[in-house]
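Visitor: need a structure here:
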Amino acid sequence: MWVPNLPVTVLSAVAATAGAVCIYKDRHSGPAFERSVSAEGKTVIITGANSGIGQASVWEFARRGAKVFMACRDMEKCEAARREIVLETNNKYVYCRPCDLASTASIVQFVKTFKQEEPKVHILVNNAGVMEPPAGVTSDGFETQLGVNHLGHFLLTNLLLDTLKATAPSRVVVVSSSAHHKGHINKEDLNFSQKYDAAAAYNQSKLANVLFARELAAKTMDTGVTVVAVDPGLTDTELKRHLPMSKSITRFVIYPLFWPFMKSPKMAAQAILHAALGDDTGKSVGDYYVDMKVAAPSAEAQDFELAKWLWRVSDKWTRLAQQRAELAKPAAA
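Guide: The predicted structure is shown next:
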């Protein structure tokens with residue numbers, strides 16, 4: 001049967017469908033954080049700040065008047081992102097500093113340099129992460145996801161803890177994920193050295209984030225340091241670059257199916273802003289937030305004994321006491 005103006009009809013249907021998908025995506029992304037809340041006078045450190053949620057968060061903090069330090073591994077990408085943010089926000093107080101979370105030596109050097117430059121840090125956002133890479137280890141021999149997502153941030157936070165306490169009220173924002181619900185702390189092979197399972201290692205690292213936030217909150221009780229764990233939601237970023245949807249021909253089929261449910265980095269960053277600047281999150285004691293509301297983490301994430309065990313192991317593996325001693329050494333003349 002001949003249908004008049006078939007191309008127009010098809011195009012209209014496609015346009016209507018695309019519009020409906022975009023409307024759904026906008027609503028699914030959740031609300032924006034209150035635009036009137038200022039970050040004027042605050043010093044902020046954000047890891048993994050040259051792309052994705054990290055870069056969007058830097059932009060938001062800079063727009064609100066904060067002094068922001070972008071802690072990144074790739075200085076070329078960091079500087080390109082920094083220039084763009086400075087131009088768009090008219091805030092010149094945005095800086096790039098090298099910090100490779102896969103290297104304890106790099107983390108110590110970052111903290112040493114930062115403390116020489118700045119007396120305060122009001123907000124630390126532990127955002128950087130890697131997801132399901134091929135089997136590998138960091139320069140210190142940690143499984144990559146455990147090393148970057150958890151141990152690197154564990155060390156960074158603890159080396160900055162004296163400054164966070166001195167700056168109080170201050171906040172530590174730990175970025176986790178709904179993947180922690182599928183996570184399990186593999187006590188027998190925490191480093192996945194016997195049999196590597198990329199997904200299980202990622203889920204473990206995200207569970208470690210929540211456990212770390214809860215134990216850090218317990219250890220900093222009554223110090224003026226607030227700790228918030230946050231799930232920014234499924235977001236369209238480079239984090240998924242190792243997944244099949246990104247690196248094979250199947251991405252042309254799989255990616256469009258997931259796209260309507262993915263937040264933009266800008267919308268995902270709203271959860272970071274809420275955790276860092278919200279009035280309600282100011283009383284958090286390692287609470288877990290989803291879509292700017294307190295949510296229940298997994299049962300294993302609420303295991304206080306497990307959190308203490310993981311802290312002890314992390315302390316030992318990162319050689320925290322030795323790193324603090326190294327940091328305390330006077331600068332060479």
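Visitor: CA only for contacts and neighbour counts going forward, please
Guide: Noted.
Visitor: Find the nearest non-adjacent residue to residue 119, please.
Guide: In space, residue 119 comes closest to residue 163 once its chain neighbours are excluded; the distance is 7.1 Å by Cα to Cα, 6 or more residues apart in numbering.
Visitor: continuing past the helix or strand harbouring that neighbour, what's the next helix or strand?
Guide: Secondary structure assigned from DSSP states H and E places residue 163 in helix 152-167. Scanning forward in sequence from helix 152-167, with DSSP H and E defining helices and strands, the next element found is strand 170-175.
Visitor: Sheet-wise, list the partners of that following strand with their directions.
Guide: Under the criterion DSSP bridges, strand 170-175 sits next to strand 123-126 (parallel), strand 225-231 (parallel) in its sheet.
Visitor: relative orientation of the helix or strand just after that strand and strand 170-175 in degrees?
Guide: Counting by DSSP H and E, the next helix or strand C-terminal to strand 170-175 is helix 198-219. What separates the directions of helix 198-219 and strand 170-175 is an angle of 160 degrees, with axes from the mean of the first three to the mean of the last three Cα atoms, to 10 degrees.
Visitor: Check which residues of helix 198-219 are buried.
Guide: Buried residues in helix 198-219, counting neighbours by 16 or more other Cα atoms under 10 Å, are found at 198-217.
Visitor: what packs against it?
Guide: For helix 198-219, the helices and strands in contact under the criterion 3 or more Cα pairs under 8 Å, 6 or more residues apart in numbering; DSSP states H and E are helix 144-145, strand 170-175, strand 225-231, strand 285-290, helix 304-317.
Visitor: Residue 30: which of these is closest?
Guide: The stretch from the helices and strands packed on helix 198-219 with the least distance to residue 30 (Cα to Cα) is strand 285-290; that distance is 10.2 Å.
Visitor: CA-only coordinates of the closest one in PDB, if you can.
Guide: Extracted C-alpha coordinates of strand 285-290, given in PDB (Å, rounded to 0.1, in the frame of the first residue of the first chain):
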ATOM      1  CA  VAL A 285      28.600  10.400  59.600                       C
ATOM      2  CA  GLY A 286      29.600   8.300  56.600                       C
ATOM      3  CA  ASP A 287      26.000   8.200  55.400                       C
ATOM      4  CA  TYR A 288      25.300   6.900  51.900                       C
ATOM      5  CA  TYR A 289      23.400   9.300  49.500                       C
ATOM      6  CA  VAL A 290      21.600   8.500  46.300                       C
END
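Visitor: was I right about residue 274 contacting residue 292?
Guide: Yes: because the distance of 6.5 Å satisfies Cα atoms under 8 Å, residue 274 is recorded as touching residue 292.
Visitor: got any ranges where the chain has weak pLDDT?
Guide: The chain contains residues with pLDDT under 70 at 1-29, 235-262, 331-333.
Visitor: The most centrally placed residue in it and residue 268: what is the separation?
Guide: Of all residues in the chain, the one closest to the mean position by Cα atoms, centre = their mean is residue 127, 1.8 Å from it. Note on residue 127: its distance to residue 268, by Cα to Cα, to the nearest Å, is 12 Å.
Visitor: What of residue 85?
Guide: Taking Cα to Cα as the measure, residue 85 falls 17 Å from residue 268.
Visitor: between those two, who's got more neighbours?
Guide: A direct count of neighbours by other Cα atoms under 10 Å for residue 85 and residue 268 places residue 268 higher, at 27 against 21.
Visitor: tell me which element the more buried one falls in.
Guide: Under the assignment given by DSSP H and E, the secondary-structure element containing residue 268 is helix 265-277.
Visitor: how far off strand 285-290 does that helix point, in degrees?
Guide: Between the axes of helix 265-277 and strand 285-290, defined by the same axes, to 10 degrees, the angle is 160 degrees.
Visitor: how about the strands of the stretch 1-150 of the chain, start to end?
Guide: Using DSSP state E, counting those that start in this stretch, the strands found in the stretch 1-150 of the chain span residues 43-47, 67-72, 94-98, 123-126.
Visitor: For residue 221, find the nearest of the ones you listed.
Guide: Between residue 221 and these, the shortest gap by Cα to Cα is with strand 123-126, which sits at 16.7 Å.
Visitor: any idea how far that closest one is from the chain center?
Guide: 8 Å (Cα atoms, centre = their mean, to the nearest Å).
Visitor: So what touches it?
Guide: Surrounding strand 123-126, the residues in contact under the criterion Cα atoms under 8 Å, 6 or more residues apart in numbering are 42-47, 153, 157, 164, 170-175, 272, 276.
Visitor: One more: stretch 153-171?
Guide: Around stretch 153-171, the neighbours that count as contacts under Cα under 8 Å, 6+ apart are 101, 104, 107-108, 111, 119-124, 126, 172, 212, 223-228, 276, 282, 314-315, 318, 320, 323-324.
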